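K.L.:
Sequence and predicted structure below; questions after.
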Amino acid sequence: MLFLVADENFNNTIVRGLLRVKPNLDIVRVQDVGLFSASDPTVLEWAAKEDRILLTHDVATITKYAYERIRAGKYMPGVIEVNRKVSIGLAVEEILFVAETCNHGELEGQIIYLPLTK
């Protein structure tokens with residue numbers, strides 16, 4: 001199973017739903033690890049050091065900085081971009097699907113967009 005980190009503006013209802021369905025899921029929020037108001041590059045650097053996949057709704061800037069890390073040859077364990085319009089239930093289901101079916105390192109250098117289907 002993958003290790004996850006939710007960015008500062010990620011929907012906490014989704015985080016609570018993930019933990020309700022999978023209590024042993026290894027997920028932290030950036031604000032719980034001392035990164036409150038940290039810049040996107042700082043969050044991505046921390047995620048890389050901790051080998052955690054970043055959960056975000058921020059398609060505008062996180063993806064930009066994630067691709068910059070990749071182009072610079074820096075480690076980027078992965079990003080899961082969750083559309084804000086996705087229902088809580090579907091977001092929980094699809095995040096868990098990705099987290100439970102992907103092996104460690106499998107999302108390296110990738111950005112996954114949810115929902116997986118339309």
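P.N.:
Received it, and whenever you're ready, just let me know what you need. Residues are numbered from 1 along each chain as shown.

K.L.:
what bridges to residue 112?
P.N.:
residue 80 (DSSP bridges).

K.L.:
Tell me, please, where in the protein the pLDDT is lower than the cut-off.
P.N.:
118 (pLDDT under 70).

K.L.:
Mind doing that once more with 80?
P.N.:
Counting by pLDDT under 80, the chain has low-confidence residues at 117-118.

K.L.:
Strands along that one, start to end?
P.N.:
In the chain, the strands defined using DSSP state E lie at 4-6, 27-29, 53-56, 79-82, 111-114.

K.L.:
So for residue 20, which of these sits nearest?
P.N.:
strand 27-29 (11.9 Å; Cβ to Cβ). Backbone N, C-alpha and C define where each C-beta goes, glycine included.

K.L.:
Could you pull out the buried residues of the closest one?
P.N.:
27, 29 (16 or more other Cβ atoms under 10 Å).

K.L.:
can you put the strands of the chain in TSV and add distance to residue 16?
P.N.:
Output for the strands of the chain, formatted as TSV (distance: least, Cβ to Cβ, whole Å):
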stretch	distance to residue 16
strand 4-6	11
strand 27-29	10
strand 53-56	13
strand 79-82	14
strand 111-114	17
